[in-house]
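Novice: pasting the structure only:
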């Protein structure tokens, strides 16, 4: 692991790091905020998964998480959203497939399966580096994210309920198998058999028996993607049917941007901190 | 004035606007945050001037001012840092002169004098638009900024102490006439006669008799520009000699970035709110 940069911020350290990923077979960049309390001992780790088109940098610059993370003593890990590089498969003109749009799946279809292994990267590879290189208490991990990253957080939590003690999301894609803007990506990465998509669909995972302690979801009422991409009410229905506590908050007037997400960042960090 | 975008954020509205500037003879873009309290009546206005290479967008995205502005009920105005466009004089390879580097002066030298009128723009033109288009109480104005924008805030306040009730700065350039990285810009915009530079130099303005009620300055001790560009102790000396109260806080370990500035944003907003 190589340090790209570090800056003192809100009493802690905001760093950017790079390493060779075996899962994605390319160099990957990620951001980590370490709070001041880490000088006295290991701190809980909160994973933040970003949305379509983002790198590690978007939430690092616009997410406004450092003040609260510093108060709560949380390490915040912000991975990139896809493999990157000249050798990596991509659809350059399509922001919903390829670079910045890996949907946190392990692709099975060629050529995507060579590098698009973001599920394994987030679940197995990057945690080893975090455990090794940072003052992290890996027995206390939470996960959250925005949009495509909200989808990543919900699905990763549902499949790894032993590892994550808390999960929340901002405007998540809860049922990517049936949403116009994500269906194409699942087909591209996982093939035409829709059964294989269910492992990466929060609604389907709950229907198929996966469980999690509880969820917090914030959703802006003025979100331009609410009705065709996001549809949080579908997740509300399956959680109710499965008796999974879901706090779904419709936030009046908020759109899909970082202005929305940063507004509720403090509350999400406090919510995770209570459970970690 | 044309609305480029608005987003709900921290209970208020973050907007971006564009207008034809008479002072700069080009289209100018600026950002305004209006807090929720504005629905009940006019609110105080706090001007934020950005540093070298920035547009209105940098602090809007990375400054983390909205939560505190919303709590304190402050309107935050973030102008651009220079005229922009194909017709505007520039030194494309020089980040210290031209686009993004107007140093908040009214240029007198050709070709810069055609468009580089940022002092008049900030002092006269943009306030008229703010007064007209936003729920602003123009009898309560403060000003602050970062780096070149800290210079802009200190000099504009010193020359307009009747208008501004409060002034603070993050890592300001306090004596641009003698700093390697700003001397060239003053010479380019104002000509070789160094006497004319004194109207745009915070230390010289105090020495020449300008006064202000009090200043707050935060400066990172790990700032890479501390010793050759910023040198806040020079301002401390002239303020002491002139009996102007200056709270100069050296912040251990902080660099010149938005990570530094956003860390102390809340405290600056509270400081201004108390005085407005």
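Specialist: Yes, it's here. Note that this is a predicted model, so its numbers are computed, not measured.
Novice: can I assume residue A:162 sits in a strand?
Specialist: No: under DSSP: H, G, I helix; E, B strand; the rest coil, residue A:162 sits outside any strand and is assigned coil.
Novice: where's it relative to residue A:206, distance?
Specialist: 17 Å (CB to CB, to the nearest Å). Using the backbone N, CA and C atoms, a C-beta is placed for each residue, glycine as well.
Novice: Also residue A:247?
Specialist: Plainly put, residue A:247 is 16 Å away from residue A:206 if you go by CB to CB.
Novice: ok so, going back, more crowded one of residue A:162 and residue A:206?
Specialist: More crowded of residue A:162 and residue A:206, by other CB atoms under 10 Å in any protein chain shown: residue A:206, with 23 against 6.
Novice: That one touches residue A:244, doesn't it?
Specialist: Yes: here residue A:206 reaches residue A:244: they are 6.6 Å apart, a contact under CB atoms under 8 Å.
Novice: quick check, stretch A:166-177 touching chain B?
Specialist: No: judged by CB under 8 Å from any CB of the partner chain, stretch A:166-177 and chain B are separated, with a smallest distance of 13.2 Å.
Novice: buried sites along that stretch?
Specialist: For stretch A:166-177, a neighbour-count test (16 or more other CB atoms under 10 Å in any protein chain shown) marks A:166-177 as buried.
Novice: In helices, which of those residues appear?
Specialist: Using DSSP state H, the subset of those located in helices is empty.
Novice: okay if I get those as TSV plus pLDDT?
Specialist: Shown next, in TSV, are the buried residues of stretch A:166-177 (pLDDT from 0 to 100):
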residue	pLDDT
A:166	98
A:167	98
A:168	98
A:169	98
A:170	98
A:171	98
A:172	98
A:173	98
A:174	98
A:175	98
A:176	97
A:177	97
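Novice: For those residues, which two are the farthest from each other?
Specialist: Farthest apart among these by CB to CB are A:166 and A:177. That separation is 25.3 Å.
Novice: where along the stretch 101-250 of chain A do the helices fall?
Specialist: Under the criterion DSSP state H, counting those that start in this stretch, the stretch 101-250 of chain A contains helices at A:118-120, A:126-133, A:148-159, A:180-190, A:202-207, A:232-241.
Novice: Nearest to residue A:264, out of those helices?
Specialist: The nearest among the helices of the stretch 101-250 of chain A, by CB to CB, is helix A:148-159 at 12.2 Å.
Novice: Just the angle for the closest one relative to helix A:180-190, thanks.
Specialist: If you take axes from the mean of the first three to the mean of the last three CA atoms, to 10 degrees, helix A:148-159 sits at 60 degrees to helix A:180-190.
Novice: buried residues in helix A:148-159?
Specialist: Going by neighbour count (16+ other CB under 10 Å), the buried part of helix A:148-159 is A:148-159.
Novice: Export these as TSV, with columns for distance to chain B and pLDDT.
Specialist: Converted to TSV, these look like this (distance: CB to the nearest CB, whole Å; pLDDT from 0 to 100):
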residue	distance to chain B	pLDDT
A:148	20	98
A:149	18	98
A:150	18	98
A:151	22	98
A:152	23	98
A:153	22	98
A:154	24	98
A:155	28	98
A:156	27	98
A:157	27	98
A:158	30	98
A:159	33	98
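Novice: From the residues you listed, pick the one nearest residue A:130.
Specialist: Among these, and counting by CB to CB, the member closest to residue A:130 is residue A:156, at 14.6 Å.
Novice: In this structure the closest one contacts residue A:104, no?
Specialist: Yes: using CB under 8 Å, residue A:156 makes contact with residue A:104 at a distance of 6.6 Å.
Novice: out of the helices of the stretch 101-250 of chain A, deepest packed?
Specialist: helix A:148-159 (a mean of 28; mean count of other CB atoms under 10 Å in any protein chain shown).
Novice: by how many degrees do that one and helix A:232-241 diverge?
Specialist: Using the same axes, to 10 degrees, helix A:148-159 lies at 10 degrees relative to helix A:232-241.
Novice: on that earlier part again, between residue A:156 and residue A:104, what contacts are shared?
Specialist: A:49, A:119, A:122 (CB atoms under 8 Å, 6 or more residues apart in numbering or on different chains).
Novice: Output the residues you listed as CSV; include the columns pLDDT and distance to chain B.
Specialist: Shown next, in CSV, are the shared contacts of residue A:156 and residue A:104 (pLDDT from 0 to 100; distance: CB to the nearest CB, whole Å):
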residue, pLDDT, distance to chain B
A:49, 98, 20
A:119, 98, 30
A:122, 98, 25
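Novice: Closest one to residue B:196 out of these, please.
Specialist: residue A:49 (54.4 Å).
Novice: partners of the spatially most central residue of chain A in the sheet?
Specialist: For chain A, residue A:49 is the residue whose C-alpha lies nearest the centre (CA atoms, centre = their mean; 2.2 Å). Beta bridges link residue A:49 to residue A:145, judged by DSSP bridges.
Novice: show me what contacts it?
Specialist: A:79, A:81, A:104, A:122, A:143-146, A:148-150, A:152-153, A:156.
Novice: The same query, at a cut-off of 6 Å, please.
Specialist: Contacts for residue A:49 (CB atoms under 6 Å, 6 or more residues apart in numbering or on different chains) come out as A:145, A:149, A:152-153.
Novice: So which bits of the stretch 1-150 of chain A are right by chain B?
Specialist: Within reach of chain B by CB under 6 Å from any CB of the partner chain, the stretch 1-150 of chain A has these residues: A:7-10, A:14, A:61-62, A:64.
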